[in-house]
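J.: Just need the structure, nothing else, for what follows:
(4 chains)
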There are 2 protein chains.
Amino acid sequence: MTMTEAQHAYVDRVATFFTMFGSARAWAEILGWLMICEPAERTQAEIAADLGLSAGTVSTQLRTHVQLGMVEQVRVRGDRTQRYRLRSGAWYGVMASELERIRALGDLARAGDDILPRDRPERVTELGDLADFFAREWPPLMERMAAELDPSPSETRI
Amino acid sequence: MTMTEAQHAYVDRVATFFTMFGSARAWAEILGWLMICEPAERTQAEIAADLGLSAGTVSTQLRTHVQLGMVEQVRVRGDRTQRYRLRSGAWYGVMASELERIRALGDLARAGDDILPRDRPERVTELGDLADFFAREWPPLMERMAAELDPSPSETRI
DNA sequence: CAATGCTTTCAGGCATCGTTGAAATATGAC
DNA sequence: GTCATATTTCAACGATGCCTGAAAGCATTG
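T.: A predicted model of the protein is given here:
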């Protein structure tokens, strides 16, 4: 499958967006392409050819996508080559994993308990209270989100 | 004011944390130090001396803190020198500004409407639905947060 | 088991960004 | 107005990280 002009433009838009937040260009292009390519499953070699990236770059950046849980390896029936695709619920997973970062922020705030400044201690405690608040609110929020977005997050078949 | 061992350890912990997410070391150290220094208001020269950073670095990184809304310039009564301090509600502001990023994600998803893949279009639409969900949930969440964390986010005086 | 194609690894080149030190500018004190 | 001090700007150095191209490693096919 060869890329249309509109598809190229979209990949570029996604790539530009995530690059602004510090992602590697190739990482972001692969993400954008895996969002819209057809079929959804692709080999590394195809991705490299489609986007004009070297095989090494695709290998490296695709691995980080897999580690982050955005992309999964699949085997297409009849074909034994390794293929990759955007995970169903990929975006959902990103939001769900926010809870870990919230907790880490709470730990960071509590680590300052020993040296709380007398002058405006809320500089530290505010962060802790904030983390506690989100740690409480996040799980029910995620449940509402799951209920609303996809009543049955079923496994996609090929 | 000279830094104690414990204070130094805390600044380092904060700096290590934010550096992991790609922040510049000096940026993160300044943030950590402004969280716990006493008094809370400090000049650039003091920060540079306290942390062992060059004046230029402090100037640059402090500006980004100000632009991000984490730090504000203040004038202490009696003293005419420029001082900086962590803004009251700084952490709150970070969370509140998330709404903009959520909206940007929604725009990104909608930009893909023209080229929705027939095969598994949810790769794109899921992101849009997610953004819509958060765009709806975020404002009331922020209100609850404001109510719970600080009933009166009054301006801090010197 | 040979051949082919795909993937991984890695050294080197390139670009970007953070930091410094010094010079220029601005600000406040006298 | 002049001096002293604080801040900003900027060129240059250094470090970090991305990307490539090539070589090595796997795996599937005939």
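J.: which residues of chain A fall in helices?
T.: Along chain A, the segments classed as helices by DSSP state H run A:5-20, A:25-36, A:44-51, A:55-68, A:90-96, A:98-110, A:122-149.
J.: and the ones you listed as TSV, adding mean neighbour count?
T.: Placement of C-beta: from N, CA and C, glycine included. Listed next are the helices of chain A as TSV, based on neighbours: other C-beta atoms under 10 Å in any protein chain shown:
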stretch	mean neighbour count
helix A:5-20	17
helix A:25-36	23
helix A:44-51	18
helix A:55-68	16
helix A:90-96	18
helix A:98-110	16
helix A:122-149	17
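J.: hmm, stretch A:89-106 in reach of chain B?
T.: Yes - judged by C-beta under 8 Å from any C-beta of the partner chain, stretch A:89-106 comes into contact with chain B through A:89-92, A:95, A:104.
J.: pLDDT at residue A:2, what is it?
T.: On the pLDDT scale, residue A:2 is placed at 76.
J.: Would you mind measuring from it to residue A:132?
T.: Taking C-beta to C-beta, to the nearest Å as the criterion, residue A:2 is separated from residue A:132 by 52 Å.
J.: now the closest residue to DNA strand D within chain A: how far from residue A:66?
T.: Scanning chain A for the residue nearest DNA strand D gives residue A:56, at 2.4 Å (criterion: C-beta to the nearest atom of the strand). Computed as C-beta to C-beta, the residue A:56 to residue A:66 distance reads 16 Å.
J.: ok, for the residue of chain A positioned farthest from its centre, nearest residue in space, not its chain neighbours?
T.: Distance from the centre of chain A peaks at residue A:118, with 40.4 Å (C-alpha atoms, centre = their mean). In this structure, residue A:118 finds its nearest non-sequential neighbour in residue B:38, 6.7 Å apart by C-beta to C-beta, 6 or more residues apart in numbering or on different chains.
J.: Tell me the residues on chain A that lie near DNA strand C, please.
T.: In this structure, chain A approaches DNA strand C at residues A:43-45, A:55-56, A:58-60, A:62-63, A:81-82, judged by C-beta under 7 Å from any atom of the strand.
J.: what's the most distant pair in those?
T.: Across those, the longest distance by C-beta to C-beta is 19.4 Å; it joins A:60 and A:81.
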